[in-house]
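Visitor: quick one, fold the following:
(one chain, ligands or ions: 1)
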Amino acid sequence: MSFRALTRALALARSAAPGQIAAYVLLAVLGGLSPLAAAWLTKLLIDRLAAGQVRWLDVAGPAAALAAVGIAGSLTPHAVRYLRAESNRRVKLLATSRIYAAADRIVGLRPFEDPTFQDRLQIARTSGVGSPWMAVEGGLGVVQGAFTVAGFAGTLLLLGPWMAAAVLLAAVPAVLAELALSRRRAAMIAETGQAERREIFYANLLVNPQAAKEVRLFGAGPYLWRRMAAEIRLIHAAGRGVDRRELALQGTLAVLAAVVAGALLLAAVRSAASGTLTVGDVALVVAAVAAVQSALAGAVAEGVSVHQALLLFGHYLAVVDAGPDLPVRPAPLPARPLRRGLELRDVWFRYADDQPWVLRGVNLVLPHGRTTALVGLNGAGKTTLVKLLCRLYDPTRGAVLWDGVDLRDLDPAGLRRRIRAVFQDAVAYELTAGENIGLGDVTALSHDEPSGRALFERAPIEAAARQAGVHDVLAGLPRGYDTMLTRMFFSEADRADPDTGVVLSGGQWQRLSIARGLVLDRPDLLVLDEPSSALDAEAEHEVHARLREHRRGLTSLLISHRLGAVREADTIVVLSDGRVVERGGHDRLMALGGAYARLFDLQAAGYRPAGTDFARRAGDTTEDVA
Ligand SMILES: Nc1ncnc2c1ncn2[C@@H]1O[C@H](COP(=O)(O)OP(=O)(O)OP(=O)(O)O)[C@@H](O)[C@H]1O
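Guide: Residues are numbered from 1 along each chain as shown. So this is what the prediction gives:
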């Protein structure tokens, strides 16, 4: 636990709920003082009443004050409970928003694929966000406990300094042991982070509607459930280990405390027998030792909870303070509208140092206003290349240039506003149809805060849906573009009629994701990665015809295994094993008779009647004709 973590936690709490926390602390202190005030007022009242010849005015004040203390004392716990809950809510909201804002600042994909980062994120968002409030509450508990200890230890000090020293010294091992335990508990939470994520993963698979059909058909439920139970057992075993240590340690410490209390009692009795202490002193020693020990134990427990909270808060800080995952210049250049084109210059890329090269010295130009098609076998590196173009990763060697400027010198957010992509694994958002398309241009989206209802600009969204050939389907849904594309959630408007949630077919979803890619009017670069893999033949033909029209004059990159769809591209680039092996127009590549021609003929053969031969082309080489 560092002092820095403590100050950061308290600062976060203060900025989330300054008024509530101030009121909470004030009431907690007043609540602590009220028994004392009541005792003093009672004494005053009794003294005045006992003095005889009592005037009403002399006793009215203390009596009214005593009544006020009583009323305040009965209200305070309720107000404290409310303030605690409200402050906790506000602090958690701020801490949680900061963590997701930090995650959103991550420029690339690498941290999201890093299990260590995911573990840290898991701890930060489950335990870390509660830490600031625990620091406030626990800190207050420590201070309260310290005052109680000081008060009773002072009493013991008057009776015999050695008594106070003995009680306080006996607490030292307890403090050290509890701190070690809390460190162990925090480490255990960190170590089981991955098991917790796996448990959630299996649990989701078991109830997720997407997985449900396979899980049922394959009878995979018991297997997944057993694996989930194994993860839970792993987490429990770790927790049990710490609990057992705690049991042994706290048992020993309890015995130690009892021995110290017993020894002090014997010593006090002995002193009383020899006349050094009075019988009343002995009673006071017994009460004071018990009070100091219990207040110390309470203060230590509070301190330890703060300690553990701050250890976990360290993970939170590591996430929110993380430096950029990809280097961004202090004053990045704005991404200007594309004029000449994009270029990959001798680009080498691998996902990690211990993994094989995915791209090996790729040189490629995507000229402005032209369509470039990228083809190649599974795993050739096509999607990886797209990720580099969008700067989701940086090349390991070489550079990607935007009109000659290295992407690393550009403002990443500005760059991405100029690029739109339809990914082959596009996300099906469990939102309304309008939002699903509008997410392609968030400026077209807003939402009504109290009702949570999504609002969007219809014109661009409907225009994009028309382009993707999905407008009629969406307009015909029960609530048109406001229909939720899920049966899992329903919108406010649908609350009374949950049946209005709709599940689209795979091809309809694909058209919708195409619409999402097209909603931004004229991006500088449009990437279409397998945009028609789920479409029927007629739809594919129609969508490609529309996309061809849409791409006219746009800089675009089209990736498709359906070679009929790419033949119209200005340039076709064949990627094989991370290298560009062929490039040129369809006719040129067919005449070359290389990899492209072989793949094209193979596909074409599938559409010919059985037995029909097709013209074999000379050679089957993968000669680079670039
Ligand atoms: N996030 C990742 N981490 C590690 N390796 C990856 C990652 N993504 C892809 N790869 C590997 O990189 C290689 C290229 O993958 P990529 O997805 O770019 O191929 P592709 O040409 O798009 O294939 P497909 O036609 O099947 O979509 C593959 O060997 C794949 O296993």
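Visitor: in the sheet, who's paired with the closest residue to E343 other than its chain neighbours?
Guide: Using C-beta to C-beta, 6 or more residues apart in numbering and skipping residues adjacent in sequence, the residue nearest E343 is L401, 4.4 Å away. No exception for glycine: its C-beta is placed from N, CA and C like everyone else's. Beta-bridge pairing for L401 (DSSP bridges): E343, D406.
Visitor: where's the closest residue to V470 other than its chain neighbours, which helix or strand?
Guide: Of all residues not flanking V470 in the chain, R511 sits nearest, at 3.8 Å (C-beta to C-beta, 6+ apart). According to DSSP states H and E, R511 maps onto helix 506-518.
Visitor: which residues does stretch 324-342 contact?
Guide: Outside stretch 324-342, the residues that touch it by C-beta atoms under 8 Å, 6 or more residues apart in numbering are 105-108, 110-111, 365-368, 370, 389, 391, 393-394, 400-405, 408-412, 414-415, 417-418, 524-525, 555.
Visitor: oh, that last question was meant for stretch 239-247, not what I typed.
Guide: With C-beta under 8 Å, 6+ apart as the criterion, stretch 239-247 contacts L181, R184, R185, M188, T192.
Visitor: burial of the residue of the stretch 1-150 of the chain found nearest the ligand, as a residue count?
Guide: The ligand sits closest to E113 of the stretch 1-150 of the chain, with a gap of 5.2 Å, by C-beta to the nearest ligand atom. The number of residues packed near E113 is 12, by other C-beta atoms under 10 Å.
Visitor: who touches it in this structure?
Guide: Contacts of E113 (C-beta under 8 Å, 6+ apart): Y351.
Visitor: only whichever of the contacts of stretch 324-342 are buried, select them in ChimeraX.
Guide: To isolate the buried ones among the contacts of stretch 324-342 in ChimeraX, judged by 16 or more other C-beta atoms under 10 Å, type:
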select :106,107,108,110,111,365,366,368,370,389,391,393,394,400,401,402,403,408,409,410,412,415,417,418,524,525,555
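Visitor: among the contacts of stretch 324-342, which are located in helices?
Guide: R105, L389, P412, G414, L415, R417 (DSSP state H).
Visitor: how far away is the last one from T443?
Guide: The one in question is R417. 9 Å (C-beta to C-beta, to the nearest Å).
Visitor: mind telling me which residue of the stretch 201-350 of the chain is nearest the ligand?
Guide: R350 (8.2 Å).
Visitor: what is the burial count for the closest residue to that residue other than its chain neighbours?
Guide: Spatial nearest neighbour of R350, excluding adjacent residues (C-beta to C-beta, 6+ apart): W357 at 4.9 Å. When counting by other C-beta under 10 Å, one arrives at 16 neighbours for W357.
Visitor: need the pLDDT of W357.
Guide: Per-residue confidence (pLDDT) for W357: 96.
Visitor: next one: the helix holding R511 to chain centre, how far?
Guide: 27 Å (C-alpha atoms, centre = their mean, to the nearest Å).
Visitor: then stretch 577-594?
Guide: 44 Å.
Visitor: now stretch 176-186
Guide: Put simply, stretch 176-186 sits 27 Å off its chain's centre (C-alpha atoms, centre = their mean).
Visitor: what's the answer for stretch 426-444, then?
Guide: 21 Å.
Visitor: go on, stretch 411-429?
Guide: 20 Å.
Visitor: likewise for stretch 287-294?
Guide: Worked out by C-alpha atoms, centre = their mean, stretch 287-294 lies 45 Å from the chain centre.
Visitor: pLDDT, secondary structure and distance to the ligand added to the contacts of stretch 239-247, as TSV?
Guide: Formatted as TSV, the contacts of stretch 239-247 follow (pLDDT from 0 to 100; DSSP: H, G, I helix; E, B strand; the rest coil; distance: C-beta to the nearest ligand atom, whole Å):
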residue	pLDDT	secondary structure	distance to the ligand
L181	87	helix	39
R184	90	helix	34
R185	88	helix	34
M188	91	helix	30
T192	90	coil	25
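Visitor: from those residues, which would you call buried?
Guide: Buried members of the contacts of stretch 239-247, counted by 16+ other C-beta under 10 Å: L181, R185, M188, T192.
Visitor: so who does the last one touch?
Guide: By C-beta under 8 Å, 6+ apart, the contact list for T192 reads L234, I235, A238, G239.
Visitor: how about 6 Å then?
Guide: Residues counted as contacts of T192 (C-beta atoms under 6 Å, 6 or more residues apart in numbering) are I235, A238.
Visitor: go on, the third one?
Guide: If you count contacts by C-beta under 6 Å, 6+ apart, M188 has them with A238, V242.
Visitor: residue ranges for the strands of the stretch 1-150 of the chain, please.
Guide: Counting by DSSP state E, counting those that start in this stretch, the stretch 1-150 of the chain has no strands to list.
Visitor: list the contacts of M228.
Guide: Counted by C-beta under 6 Å, 6+ apart, M228 has contacts E199, Y202, A203.
Visitor: that one - that's part of a helix, no?
Guide: Yes: looking at M228 with DSSP: H, G, I helix; E, B strand; the rest coil, it is inside a helix.
Visitor: excluding its backbone neighbours, what's nearest it?
Guide: Y202 (3.6 Å).
Visitor: so the one you found is in which element?
Guide: helix 193-207.
Visitor: same for that helix, what does it pack against?
Guide: helix 115-126, helix 221-273 (3 or more C-beta pairs under 6 Å, 6 or more residues apart in numbering; DSSP states H and E).
Visitor: most tightly surrounded among those helices?
Guide: helix 115-126 (a mean of 18; mean count of other C-beta atoms under 10 Å).
Visitor: what is it packed up against?
Guide: Using 3+ C-beta pairs under 6 Å, 6+ apart, helix 115-126 is in contact with helix 193-207, helix 279-320.
Visitor: where among those helices is average confidence lowest?
Guide: Among the helices and strands packed on helix 115-126, helix 279-320 scores lowest, at a mean of 85.
Visitor: now the angle from that one to helix 221-273?
Guide: 150 degrees (axes from the mean of the first three to the mean of the last three C-alpha atoms, to 10 degrees).
Visitor: chain center to helix 279-320, what's the gap?
Guide: For helix 279-320, the distance to the chain centre is 32 Å (C-alpha atoms, centre = their mean).
Visitor: isn't Y481 right up against E435?
Guide: No: the criterion here is C-beta atoms under 6 Å, and Y481 misses it with E435 at 8.8 Å.
Visitor: CA atoms of the helix holding Y202 as PDB?
Guide: In PDB, the C-alpha atoms belonging to helix 193-207 read as follows (Å, rounded to 0.1, in the frame of the first residue of the first chain):
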ATOM      1  CA  GLY A 193      -8.600 -13.000 -11.400                       C
ATOM      2  CA  GLN A 194      -8.100 -15.300 -14.400                       C
ATOM      3  CA  ALA A 195     -10.100 -18.100 -12.900                       C
ATOM      4  CA  GLU A 196     -12.900 -15.700 -12.200                       C
ATOM      5  CA  ARG A 197     -12.800 -14.600 -15.800                       C
ATOM      6  CA  ARG A 198     -12.900 -18.200 -17.000                       C
ATOM      7  CA  GLU A 199     -15.800 -18.900 -14.600                       C
ATOM      8  CA  ILE A 200     -17.700 -16.000 -16.200                       C
ATOM      9  CA  PHE A 201     -16.800 -17.300 -19.600                       C
ATOM     10  CA  TYR A 202     -18.200 -20.800 -19.000                       C
ATOM     11  CA  ALA A 203     -21.300 -19.400 -17.200                       C
ATOM     12  CA  ASN A 204     -22.000 -17.100 -20.200                       C
ATOM     13  CA  LEU A 205     -21.600 -20.100 -22.600                       C
ATOM     14  CA  LEU A 206     -24.100 -22.100 -20.600                       C
ATOM     15  CA  VAL A 207     -26.800 -19.400 -20.900                       C
END
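Visitor: great, nothing more from me.
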